[in-house]
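# coordinates only, sequence not included:
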């Protein structure tokens, strides 16, 4: 009896060990990080001078829409003029221009985790490199700067003053690029070396005034407009212009995005696309948006084969968002908050 009991005990332990080993070798089950793990954050600028900025969440399948997710999860208004957002790890950093602050939230729950206010003066855009946060500040008819903070504790590090506009800021190949142009005036980019946090060089574009600068696969792309033609410049992390695509006959090209090996850009209320390797300028738009001259494409991004646009409705009513396929078919329309200015994949 005793021997049989011993055999049964050994068998049970062996079985338990095998199950344990088999479980440990399986791929771990990933639990959801939060309600906003998979989807699009729709940024609503709000009316200037009021705390009406908000964020709308749109699921990837476009079926679920949740308005004002910051207030829902924090119980307070987000602030005044939401300019942009960027991510690092589990955090999202929201730039509140007229509130003079950067609000940090968990990107999956949208619960507030921190805030930056030191040396912030009309912040515009934000980027992250080498464990530092870089923020452009541009006061109307006032000082311009890039302020730098430690990523670890959000503490202020230094300020780099600019005499020209400090507008969009992007990271490419570990280097920071500052767009010294806004509202179609200006043709330079300033490179900052994150290893020293000093200005490394200035990139001057030969033609056109810069309207938008983005980063894609460690390369900087900027779209510059002329009175007759426009230009897309490809710039290396070292600050060298490596390619120029002339958009012949397209004046005042503004928005620029890259998706699936194609450029997407706009002129007026028309959206065009072309292969990044193409040399012939498209003549037929894939989308002609409706709305006012300055509000029909107030928000514009291309994400995973869908074109997201917004009509800001002159900031007198909530924005109308229209999602198109890359061939121009309308997929979905819905209302977001006031002044929808961007769409960001989470």
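That came in fine, so what should we check first? Because the structure is a prediction, the values reported are computed rather than measured. Numbering: from 1, shown residues only.
# list the contacts for residue 180?
By C-beta atoms under 8 Å, 6 or more residues apart in numbering, residue 180 lies in contact with 162, 164-167, 186, 188-190, 202, 210. Using the backbone N, CA and C atoms, a C-beta is placed for each residue, glycine as well.
# now the residues you listed: which count as buried?
Buried members of the contacts of residue 180, scored by 16 or more other C-beta atoms under 10 Å, are 162, 164-167, 186, 189-190, 210.
# okay, who's weakest in these by pLDDT?
Lowest pLDDT of the buried ones among the contacts of residue 180: residue 164, 92.
# Can you verify my assumption that that one contacts residue 187?
No: look at residue 164 against residue 187 with C-beta atoms under 8 Å: they stay out of range, at 10.1 Å.
# what residues are shared contacts of these two?
residue 181.
# quick one: low-confidence ranges for this structure?
1-28, 293 (pLDDT under 70).
# Tell me where it has helices.
2-25, 69-74 (DSSP state H).
# tell me how far the shortest one is from the chain's mean position?
To tie it back to what came earlier, the one meant is helix 69-74. 20 Å (C-alpha atoms, centre = their mean, to the nearest Å).
# Tell me which other helices or strands it touches.
Judged by 3 or more C-beta pairs under 8 Å, 6 or more residues apart in numbering; DSSP states H and E, helix 69-74 is in contact with strand 54-59, strand 101-106.
# May I see those strands arranged in JSON lines, with distance to residue 73 and mean neighbour count as well?
Formatted as JSON lines, these follow (distance: least, C-beta to C-beta, whole Å; neighbours: other C-beta atoms under 10 Å):
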{"stretch": "strand 54-59", "distance to residue 73": "10", "mean neighbour count": "22"}
{"stretch": "strand 101-106", "distance to residue 73": "8", "mean neighbour count": "21"}
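# Can I get those in TSV including distance to residue 89?
Listed next are the helices and strands packed on helix 69-74 as TSV, based on distance: least, C-beta to C-beta, whole Å:
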stretch	distance to residue 89
strand 54-59	19
strand 101-106	10
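# Now residue 335. Nearest residue, chain neighbours left out?
In this structure, residue 335 finds its nearest non-sequential neighbour in residue 318, 4.7 Å apart by C-beta to C-beta, 6 or more residues apart in numbering.
# Now for that neighbour: which residues touch it?
335-338.
# filter those residues to the buried ones?
The buried subset of the contacts of residue 318 - by 16+ other C-beta under 10 Å - is 336-338.
# now the residue lying closest to residue 311 once chain neighbours are set aside: how far from residue 153?
In space, and not counting its chain neighbours, residue 311 is closest to residue 291: 3.6 Å by C-beta to C-beta, 6+ apart. Distance, residue 291 to residue 153, using C-beta to C-beta, to the nearest Å: 43 Å.
# for residue 235, same thing?
Distance from residue 235 to residue 153, by C-beta to C-beta: 32 Å.
# which of these two has more neighbours?
residue 235 (22 against 7; other C-beta atoms under 10 Å).
# For the nearest residue to the more buried one once chain neighbours are set aside, name its beta-bridge partners.
Using C-beta to C-beta, 6+ apart and skipping the chain neighbours, the partner closest in space to residue 235 is residue 220 (4.1 Å). On the basis of DSSP bridges, residue 220 is bridged to residue 215, residue 235.
# Can you show me the strands along the stretch 101-250 of the chain?
101-106, 112-116, 123-129, 132-138, 144-150, 156-162, 169-172, 175-179, 188-193, 198-204, 209-216, 219-225, 230-235, 241-247 (DSSP state E, counting those that start in this stretch).
# Columns distance to residue 266 on top of those, output as a markdown table?
Output for the strands of the stretch 101-250 of the chain, formatted as a markdown table (distance: least, C-beta to C-beta, whole Å):
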| stretch | distance to residue 266 |
| --- | --- |
| strand 101-106 | 28 |
| strand 112-116 | 32 |
| strand 123-129 | 19 |
| strand 132-138 | 23 |
| strand 144-150 | 27 |
| strand 156-162 | 28 |
| strand 169-172 | 19 |
| strand 175-179 | 18 |
| strand 188-193 | 21 |
| strand 198-204 | 24 |
| strand 209-216 | 10 |
| strand 219-225 | 9 |
| strand 230-235 | 10 |
| strand 241-247 | 11 |
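# most packed of the ones you listed?
strand 175-179 (a mean of 26; mean count of other C-beta atoms under 10 Å).
# which residues touch the nearest residue to residue 286 once chain neighbours are set aside?
Leaving aside its sequence neighbours, residue 286 sits nearest to residue 328 (C-beta to C-beta, 6+ apart; 4.2 Å). Contacts for residue 328 (C-beta under 8 Å, 6+ apart) come out as 285-287.
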